[in-house]
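1. 3D model of this:
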Amino acid sequence: MFWYFVKLLILLPLVGGMAFGALWLWRKYQPGMMAGQGDRSLKLLEALPMGAFGKLAVVEFEGKKILLSVTRSRIEKIAEGDHVRLR
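-> Coordinates of the predicted model:
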């Protein structure tokens, strides 16, 4: 019984640390948000969640910034041009 608790005290933090590390890596390197977008023609500059299912996104395409409204069922262009500012 003693060895069961020793293994539990060693393996429980190890498994918890691996789960935390996997979630941290997934959040850091999730598709579409990677920092290495330098040579792509379409770049996601910023995304802001708006409610449960929608978000606002600013993308850059051919030197123009485009503000998009993204929901589960559709994507709509809200504004286009250089007047779309980022903080």
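2. now the lowest-mean-pLDDT helix or strand in the chain - C-alpha only, PDB.
-> None of the helices or strands of the chain scores lower by mean pLDDT, DSSP states H and E than strand 42-50, at a mean of 88. The C-alpha trace of strand 42-50 is given here as PDB (Å, rounded to 0.1, in the frame of the first residue of the first chain):
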ATOM      1  CA  LEU A  42      -3.200  36.500 -46.500                       C
ATOM      2  CA  LYS A  43      -2.300  37.400 -42.900                       C
ATOM      3  CA  LEU A  44      -4.500  37.300 -39.900                       C
ATOM      4  CA  LEU A  45      -3.600  40.500 -38.000                       C
ATOM      5  CA  GLU A  46      -6.000  40.300 -35.100                       C
ATOM      6  CA  ALA A  47      -9.100  38.500 -33.900                       C
ATOM      7  CA  LEU A  48     -11.500  39.600 -31.200                       C
ATOM      8  CA  PRO A  49     -14.200  37.200 -29.800                       C
ATOM      9  CA  MET A  50     -17.700  38.800 -29.800                       C
END
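3. show me where the chain has its helices.
-> Assigned by DSSP state H, the chain shows helices spanning 2-28.
4. can you give the distance of the least confident helix or strand of the chain from its chain's centre?
-> Put simply, strand 42-50 sits 9 Å off its chain's centre (Cα atoms, centre = their mean, to the nearest Å).
5. parallel or antiparallel, which strands does it pair with?
-> Using DSSP bridges, the strands paired with strand 42-50 in its sheet are strand 54-61 (antiparallel).
6. buried ones in the partner strand, by neighbour count?
-> Neighbour counts using 16 or more other Cβ atoms under 10 Å place 57, 58, 59, 60 of strand 54-61 among the buried residues. Heads up, the C-betas are built off the backbone N, CA and C, glycines and all.
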